[in-house]
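Participant: coords please:
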Amino acid sequence: LATSLVSCSRPKDGVYEFKLLTTNDVHGQYFDSTYVGNSTRTSLTSVSWYIDSIRTAVGRENVILVDAGDCLQGDNAAWYFNYADTLSPHLYSRMAEYMGYDAVVVGNHDIETGHPVYDRIRREMKVPFLAANAISTATGKSYFQSHTLLKRNGVKILIAGFTNPNIKSWLSESLWEGMRFESLLPFVQNEVDSLRTKLRPDVVIVAVHSGTGRADEASLESQGLALFKSLSGVDFVVCSHDHRSVVHWSDSICLINAGSHARNIGEGTISLEFKNGKVVSRHLDASFLTVD
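Facilitator: Down below sits the predicted model:
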């Protein structure tokens, strides 16, 4: 009976294709207004239009939307809801939910806003706020949510999120009191291995608030390319932080860094073929959509 139930829950034989859309380092640029004059700029408002059009074209179930961090700091609207209006639901929480993000990663500039701000986001935002390597010194477990598991058309999609491990070098301890930050190497691989054993995902997305870097493990700030070159059992590495638009791909893994300030949307595509409940082939691709 157990075997029968498991087989019934698996996808039917056929090909399934999903779009992974990514943003990062928005830095509070929620609206296209520049506040002064009549000029406009790229923003989450314009990103939202793109996302809606892609969902209409390929089906909402086939789109995964992830932000890789630094969303709470940098612009007037973010500052206002961080420190002036602290009673209303935070504007970013409402925007992330309205746009249908599947996960948002905690960035170093999100930690910079202070405990009252990011703890409020963590409590009120329905979208998972991820940082598996921000470890609570009180419990020894992740201070934030570590991962989320989506099920789309029977396909299980794991999103694991990690913040920048170099935070303690930049920010006063009062801003991150009660946490320590683990290096992404080898922490991410260990976390992925554990989650793959427990959850048996068909697709694995690792989203990190870390720069692309140069595959140099000694660079605590920018470990994206090192992850891309070393991780196994992962389909996409979504990185961020250095504001550089970069795509790398191989037959087995893609890296996407969309840059910053909503100038680009990272676009990954994964096509999976299932037979008898198992993935027998997969194809990956990655590129950018310009928002201008």
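Participant: So, low pLDDT: which residues of the stretch 51-200 of the chain?
Facilitator: For the stretch 51-200 of the chain, no stretch has pLDDT under 70.
Participant: how about the helices in it?
Facilitator: 76-79, 91-99, 108-112, 115-124, 167-170, 184-199 (DSSP state H, counting those that start in this stretch).
Participant: which of those sits most buried?
Facilitator: The highest average neighbour count among the helices of the stretch 51-200 of the chain, using mean count of other C-beta atoms under 10 Å, belongs to helix 108-112 at a mean of 24. For the C-beta atoms, the positions are set from N, CA and C on the backbone; glycine is no exception.
Participant: could you dump the helices of the stretch 51-200 of the chain to CSV with distance to residue 154?
Facilitator: Shown next, in CSV, are these (distance: least, C-beta to C-beta, whole Å):
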stretch, distance to residue 154
helix 76-79, 38
helix 91-99, 25
helix 108-112, 34
helix 115-124, 30
helix 167-170, 38
helix 184-199, 14
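Participant: The ones you listed: which one's closest to residue 265?
Facilitator: In terms of C-beta to C-beta, the element of these nearest to residue 265 is helix 91-99, at 11.5 Å.
Participant: how much does that closest one deviate in direction from helix 115-124?
Facilitator: Orientation of helix 91-99 against helix 115-124 (axes from the mean of the first three to the mean of the last three C-alpha atoms, to 10 degrees) gives an angle of 30 degrees.
Participant: Output the contacting helices and strands for helix 91-99.
Facilitator: If you count contacts as 3 or more C-beta pairs under 8 Å, 6 or more residues apart in numbering; DSSP states H and E, helix 91-99 packs onto helix 44-58, helix 76-79, helix 115-124.
Participant: so which of the helices of the stretch 51-200 of the chain gets nearest residue 283?
Facilitator: The closest of the helices of the stretch 51-200 of the chain to residue 283 is helix 184-199. By C-beta to C-beta, the value is 20.2 Å.
Participant: Between the helices of the stretch 51-200 of the chain, which one is closest to residue 257.
Facilitator: It's helix 184-199; of these, that one is closest to residue 257 (C-beta to C-beta) at 14.4 Å.
Participant: Compute the distance from the centre of that closest one to the centre of its chain.
Facilitator: A distance of 16 Å separates the centroid of the chain from that of helix 184-199, by C-alpha atoms, centre = their mean, to the nearest Å.
Participant: what helices or strands is it leaning on?
Facilitator: Right, helix 184-199 is packed against strand 147-152, strand 155-162, strand 203-208, helix 224-230 by 3+ C-beta pairs under 8 Å, 6+ apart.
Participant: could the helices and strands packed on helix 91-99 go into CSV alongside distance to residue 204?
Facilitator: Formatted as CSV, these follow (distance: least, C-beta to C-beta, whole Å):
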stretch, distance to residue 204
helix 44-58, 21
helix 76-79, 31
helix 115-124, 24
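Participant: closest one to residue 253 among those helices?
Facilitator: So among the helices and strands packed on helix 91-99, helix 44-58 is nearest, using C-beta to C-beta, at 22.4 Å.
Participant: Show me what counts as buried in the closest one.
Facilitator: Under the neighbour-count criterion of 16 or more other C-beta atoms under 10 Å, helix 44-58 has 44, 45, 46, 47, 48, 50, 51, 54, 55 buried.
Participant: what's the answer for stretch 172-183, then?
Facilitator: By 16+ other C-beta under 10 Å, the buried positions in stretch 172-183 come out as 175, 176, 179, 181, 182.
Participant: Give me the distance between the nearest residue to residue 147 once chain neighbours are set aside and residue 280.
Facilitator: Excluding the flanking residues, the one nearest residue 147 by C-beta to C-beta, 6 or more residues apart in numbering is residue 160, at 4.3 Å. Distance, residue 160 to residue 280, by C-beta to C-beta, to the nearest Å: 24 Å.
Participant: Look at the two and report which has more neighbours.
Facilitator: residue 160 (26 against 10; other C-beta atoms under 10 Å).
Participant: The more buried one contacts residue 191, correct?
Facilitator: Yes. Between residue 160 and residue 191 there is a contact under C-beta atoms under 8 Å: 6.0 Å.
Participant: Find the residues that touch each one of the two.
Facilitator: Common contact partners of residue 160 and residue 191 (C-beta atoms under 8 Å, 6 or more residues apart in numbering): 132, 146, 147.
Participant: Angles on the backbone of the first one, please.
Facilitator: Per-residue torsions, residue 132: phi -60, psi -30 (degrees, to the nearest 10).
Participant: Please tell me how far the residue nearest to it when sequence neighbours are not counted sits from residue 10.
Facilitator: Distances taken as C-beta to C-beta, 6+ apart place residue 146 nearest to residue 132, at 3.6 Å, with adjacent residues excluded. Note on residue 146: its distance to residue 10, by C-beta to C-beta, is 25 Å.
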